[in-house]
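Peer 1: pasting the structure only:
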């Protein structure tokens, strides 16, 4: 079994820590390793480093190398620029086809998720691998913890094998009422963006469902063969359809399955989400360094120096070398407005 | 006319900016000069620098020199340690007696107050000087802006001269109801701790009302004469009664007067008080450097780097090289609890 970690995302949800050239997956959260490093680490007892591949955007490849110095250089697959997950995975599959047999099982994981219970995560890979070997496209569905309206859902059908259910439908982000019905039914899972399949099965699915993509990746493979892996393939990559794998492949594929998992997953989409999974003291305050809270509860403080919070509850205080953010947890997603503000001002060194 | 500026105070109300060895009067507020520097500056059109004296505690003398490099070295009067205003002023009067005639008028000002309307301040010195020359002990009473319970009050009587009223009584900090009565009556003024008198009149008042103090200062003057101004006088100074000038002298003196003044005075007793007198934008936010406020009003931000505040109203965000404070304005006086916390922890480099 090999792994493909998608680390090309960019975003501003963790401003001021995350930046255009330093997105979320590279951020140290909970300790001294980044989400990308943690994603690799949690695989190592099952998959050796030489079989772990990172696909990332060109401007982030150096950062990947730096954070994973022991990773072989050829295990970094470079997208000329970020497109969407279907082209990204197809490009990677093309790359892996030259190195592995069609029957090789590959696990696909985003680099910017948190999984608290690693043993349960590793256990879930066993049925995934078994079903993938049968030619199924396997997705992992997170047992929902609350009626989330921010995630897509997978509706599961009958049991295909122990721990594996058929996929009835993919559902877009629901409204509150629908989300509550989903939660109550017990048949709906959060779409985690994690997959498991053989190289041959996913390639075949691309050929059937998005045939223009493998045509382009075949051309890219030709360039790689002649000019090497660092050749410029942007001409072909630029005309890929910008489509997510869920919509382009998983919604339409015939042989597919979902493995419900419950291992403390979070896509950590905001400072609030990070706060929610962080260790806290008796007053639910989290301090990354030293600090004190007076008449203050539920605060998340990530700063480089002693920090005192007085009379405030449920706020985030974030400090970097060049910026400070103070926000309520509930409005922590509005950091994108700060990035917009800086963009409009032309203050590009802060974004 | 000469001036004596009392700059020996210590305090923690402006933690993390103010520290044990860097109290409030040395802090830069509103621009690039400190409260001490501003106190000197606003006198210079009336009193030349050679006639301005600073009395301070031994551990702060160097800081005074540094902030006032053009001040003659002999214009710094050093208390061996901070006592209270009666000993402090008596020591200074003893020092000034050797340099000026008894009839010289001296203005006494704290170094850590803010006065917004300097022309009106300077104008108030004219009747003060005139009345002081008649032998009166003059105090300046601030026309109250609201029913403050945090200040002592002076009750004024009949008019002694234009702009000068007699002093009926000094009143300790009142409760809310009393403060409202004071405000309504129009006869009560905040006790500002600013005074004007001749060297002879205040010395005479000490001899009458607190005779043990001038006995000790006379001994100190003897030491100064023999060993110079830098001689150790702590033995005598240590046994001074620790009494404020208001209680020890002003409450009991016979020839006294109060000049009501209204020139935008603030003793800036907390971050909130500083916020109240700071310039703000359309949303009542103050940023010392660059920053942005999103869904946020009435915030006071004093930081060294770009700061974003989201979803919070009426908070203070203060950053120094080694600490950050985030508090509601209303609880900004509780920074003393942070200092207590650091004291208990033995984290003395932060206080």
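Peer 2: Arrived safely. All values reported here derive from a predicted model rather than from experimental measurement. Residues are numbered from 1 along each chain as shown, chains lettered A, B, ... in the order given.

Peer 1: contacts and neighbour counts: CA atoms only from here.
Peer 2: Fine.

Peer 1: pLDDT score assigned to residue A:277?
Peer 2: Per-residue confidence for residue A:277 comes out at a pLDDT of 86.

Peer 1: The residue in the stretch 151-300 of chain A positioned nearest to chain B: neighbour count?
Peer 2: Nearest residue of the stretch 151-300 of chain A to chain B (C-alpha to the nearest C-alpha) works out as residue A:292 at 7.2 Å. In terms of burial, residue A:292 registers 19 neighbours under the definition other C-alpha atoms under 10 Å in any protein chain shown.

Peer 1: Cross-check the contact I'm expecting between it and residue A:309.
Peer 2: Yes. With contacts counted by C-alpha atoms under 8 Å, residue A:292 reaches residue A:309, the gap being 6.5 Å.

Peer 1: name the element residue A:219 belongs to?
Peer 2: Here residue A:219 sits within helix A:212-227, counting by DSSP states H and E.

Peer 1: could you pull out the helices for chain A?
Peer 2: Defined through DSSP state H, the helices belonging to chain A, from first to last, are A:35-41, A:61-67, A:85-97, A:118-133, A:176-185, A:199-209, A:212-227, A:234-237, A:245, A:271-276, A:335-345.

Peer 1: Centre of the chain to the first one, how far?
Peer 2: Put simply, helix A:35-41 sits 11 Å off its chain's centre (C-alpha atoms, centre = their mean, to the nearest Å).

Peer 1: pLDDT (mean, whole number) over that helix?
Peer 2: In this model, helix A:35-41 carries a mean pLDDT of 96.

Peer 1: tell me which residues in that helix are buried?
Peer 2: Neighbour-count burial for helix A:35-41 flags A:35, A:36, A:37, A:38, A:39, A:40 (criterion: 16 or more other C-alpha atoms under 10 Å in any protein chain shown).

Peer 1: Apart from its chain neighbours, what residue comes closest to the residue nearest the centre of chain A?
Peer 2: Centroid-nearest residue in chain A: residue A:110, 2.7 Å away (criterion: C-alpha atoms, centre = their mean). Beyond its immediate neighbours in the sequence, the residue positioned closest to residue A:110 (C-alpha to C-alpha, 6 or more residues apart in numbering or on different chains) is residue A:6, lying 4.7 Å away.

Peer 1: On the strand side of things, show who that neighbour bridges to.
Peer 2: Under the criterion DSSP bridges, residue A:6 forms beta bridges with residue A:55, residue A:110.

Peer 1: need the residues of the stretch 151-300 of chain A near chain B, please.
Peer 2: Selection of the stretch 151-300 of chain A residues close to chain B by C-alpha under 8 Å from any C-alpha of the partner chain yields A:292, A:294.

Peer 1: let's see 10 Å
Peer 2: A:290, A:291, A:292, A:293, A:294, A:295, A:296 (C-alpha under 10 Å from any C-alpha of the partner chain).

Peer 1: Okay, and which of those map to strands?
Peer 2: Using DSSP state E, the members of those that fall in strands are A:291, A:292, A:293, A:294.

Peer 1: Scan chain A for its longest strand.
Peer 2: When every strand of chain A is counted residue by residue (DSSP E), the longest turns out to be strand A:188-198.

Peer 1: In its sheet, which strands sit next to it, and in what direction?
Peer 2: In the sheet containing strand A:188-198, its partner strands are strand A:105-110 (antiparallel), strand A:137-142 (antiparallel), strand A:153-161 (antiparallel), by DSSP bridges.

Peer 1: and it, what's its mean pLDDT?
Peer 2: Mean pLDDT, strand A:188-198: 97.

Peer 1: neighbours of the closest residue to chain B within the stretch 101-250 of chain A, just the number please.
Peer 2: Proximity to chain B, evaluated over the stretch 101-250 of chain A using C-alpha to the nearest C-alpha, is greatest for residue A:150 at 21.0 Å. The local packing of residue A:150 (other C-alpha under 10 Å) involves 14 other residues.

Peer 1: can you check residue A:145 too?
Peer 2: Here the neighbour count serves as a burial measure; for residue A:145 (other C-alpha under 10 Å) it reads 12.

Peer 1: Is it in contact with residue A:264, as I believe?
Peer 2: Yes. Taking C-alpha atoms under 10 Å as the definition, residue A:145 is a contact partner of residue A:264 at 9.3 Å.

Peer 1: what separates stretch A:18-31 from the chain centre, distance-wise?
Peer 2: Using C-alpha atoms, centre = their mean, the mean C-alpha position of stretch A:18-31 is found 13 Å from that of the whole chain.

Peer 1: Just the endpoints, please. Distance across that stretch?
Peer 2: From its first residue to its last, stretch A:18-31 covers 16 Å (C-alpha to C-alpha, to the nearest Å).

Peer 1: Does it reach chain B?
Peer 2: No. On the criterion C-alpha under 10 Å from any C-alpha, stretch A:18-31 is out of touch with chain B, staying 14.5 Å away.

Peer 1: That stretch: which residues count as buried?
Peer 2: Using 16+ other C-alpha under 10 Å as the burial criterion, the residues of stretch A:18-31 that qualify are A:18, A:19, A:20, A:22, A:23, A:24, A:25, A:26, A:27, A:29.

Peer 1: swap in stretch A:228-242?
Peer 2: A:229, A:233, A:236, A:237, A:240.

Peer 1: Identify all contacting residues around it.
Peer 2: Under the criterion C-alpha atoms under 10 Å, 6 or more residues apart in numbering or on different chains, residues A:74, A:76-88, A:91, A:95, A:210, A:212-225, A:248 lie in contact with stretch A:228-242.

Peer 1: run the last query once more with 7 Å
Peer 2: Under the criterion C-alpha atoms under 7 Å, 6 or more residues apart in numbering or on different chains, residues A:80, A:83, A:84, A:87, A:213, A:216, A:220, A:223, A:224 lie in contact with stretch A:228-242.

Peer 1: Which one of these sits in the busiest neighbourhood?
Peer 2: With neighbours set by other C-alpha under 10 Å, the maximum within the contacts of stretch A:228-242 is found at residue A:87, which has 28 neighbours.

Peer 1: Show the contacting residues for that residue.
Peer 2: Contacts for residue A:87 were tallied using C-alpha under 7 Å, 6+ apart; they are A:213, A:240.

Peer 1: any idea of the pLDDT on it?
Peer 2: Per-residue confidence at residue A:87 stands at 97 (pLDDT).

Peer 1: Quick check: end-to-end length of stretch A:259-271?
Peer 2: 29 Å.
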